[in-house]
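**Student:** For reference, the sequence and a predicted model appear below.
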Amino acid sequence: MINLVGILHSRYGLPYGPDFARAHVALPRRIAAACRAAGVRRLLHVSALNADPAGPSQYLRSKGEGEAALRAEGAEGAGLDLTIFRPSVIFGPDDAFLNLFASLQRWSPVMPLGNARARFQPVYVEDVAQAIVASLDRSDAVGQAYCCCGPRVYTLAELVRYVGEQIGRPRPIIALPEALARIQAGLLELLPNPPLSVDNLDSMDVDSVCPAGDPLPFGANPTPLEAVAPEYLAANAPRYRYYGYRIKAHR
């Protein structure tokens, strides 16, 4: 069993909102119970880098509680062979990270950023998938938690600037002070599908960077962002021409 469920936004609550509680805490418990009932021992759980019940954001606190819930289920005789993966922000075609910055820079003349100096170590989606698959047959992976990162650390401002260059729409970046950043995030989270929330800002209070050592488990070599992102971000990429045709066809 592999649990990949995760959400980025929730209604507010303490220590986390009800949507986070359902997706990140209650669901892992239910999955563990279903595994026990079906006699399934192997469980792989994708969490998040910096997941911690005492973390600075609802998202990180709920992810941390979800991990704790699974470990408790295993300790109580569920017979779970549990492995946890904690990726930094994941990139790849159709991601909700770099593509978000691309969309914003296509229509906005400037990019006002909160937490512009926040640091990330983006990891390629296929690298994470390969790590998950590789762990299935490894007895030494049972009971372990693995961080997953790419080969390079970037600030948020550096990532936004890079995306702007790749799509041919480089925009001036305005680093917002904390008060203005929280006002901006508070307004954006009112949208039906918010690009940013106050809780997202809180998550960025801790760098999404792997500890020193191998960025991927089992000695795998991480894929550089620069080797993949231009293929789906470039302004003249076939993918974006295809999107344009779909829009014109009202599909």
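**Tutor:** Happy to help now that I have it.

**Student:** Residue 128 belongs to a helix?
**Tutor:** Yes. Applying DSSP: H, G, I helix; E, B strand; the rest coil, one finds residue 128 inside a helix.

**Student:** count of residues packed around it?
**Tutor:** Neighbours of residue 128 under the rule other C-beta atoms under 10 Å: 22. Bear in mind the C-beta positions are built from the backbone N, C-alpha and C, glycine included.

**Student:** Just confirm it contacts residue 87, I think it does.
**Tutor:** Yes. At 5.2 Å, residue 128 and residue 87 qualify as touching, with contact defined as C-beta atoms under 8 Å.

**Student:** hey, what's in contact with both of those two?
**Tutor:** Overlap between the neighbourhoods of residue 128 and residue 87 consists of 46, 148, taking contacts as C-beta atoms under 8 Å, 6 or more residues apart in numbering.

**Student:** now the helices for the stretch 101-250 of the chain?
**Tutor:** 125-135, 156-166, 178-188, 198-203, 229-233, 238-248 (DSSP state H, counting those that start in this stretch).

**Student:** Indicate which one of those is closest to residue 216.
**Tutor:** Closest approach to residue 216 among the helices of the stretch 101-250 of the chain is made by helix 125-135 (5.9 Å; C-beta to C-beta).

**Student:** roughly how far out does that closest one sit from the chain middle?
**Tutor:** 15 Å (C-alpha atoms, centre = their mean, to the nearest Å).

**Student:** Give me the buried positions along that helix.
**Tutor:** 125, 127, 128, 130, 131, 132, 135 (16 or more other C-beta atoms under 10 Å).

**Student:** so which of these comes closest to residue 217?
**Tutor:** Nearest to residue 217 among the buried residues of helix 125-135, with distances taken as C-beta to C-beta, is residue 131, at 5.3 Å.

**Student:** And that closest one, how close does it get to residue 181?
**Tutor:** 33 Å (C-beta to C-beta, to the nearest Å).

**Student:** Could you do residue 165 as well?
**Tutor:** Separation of residue 165 from residue 181 (C-beta to C-beta): 23 Å.

**Student:** Then residue 18?
**Tutor:** 25 Å.

**Student:** now do residue 63
**Tutor:** The value you get for residue 63 to residue 181, if C-beta to C-beta is used, is 22 Å.

**Student:** Settle it for me: which of these two has more neighbours?
**Tutor:** residue 63 (30 against 20).

**Student:** now the strands for this structure?
**Tutor:** Taking DSSP state E as the criterion, the chain carries its strands at 2-3, 42-46, 81-87, 90-91, 111-113, 119-120, 123-124, 145-148, 154-155, 173-175.

**Student:** Out of those strands, the one nearest residue 185 is which?
**Tutor:** Nearest to residue 185, of the strands of the chain and by C-beta to C-beta, is strand 111-113 at 10.7 Å.

**Student:** So what's the predicted local confidence for residue 244?
**Tutor:** Looking at residue 244, its pLDDT stands at 49.

**Student:** nope, residue 79 is what I was after
**Tutor:** The model's pLDDT for residue 79 equals 76.

**Student:** Contacts only, for the closest residue to it other than its chain neighbours.
**Tutor:** With sequence-adjacent residues excluded and distances taken as C-beta to C-beta, 6 or more residues apart in numbering, residue 79 is closest to residue 41, at 5.6 Å. By C-beta under 8 Å, 6+ apart, the residues touching residue 41 are 35, 79, 80, 81.

**Student:** Just these: which are in helices?
**Tutor:** Residues of these located in helices (DSSP state H): residue 35.
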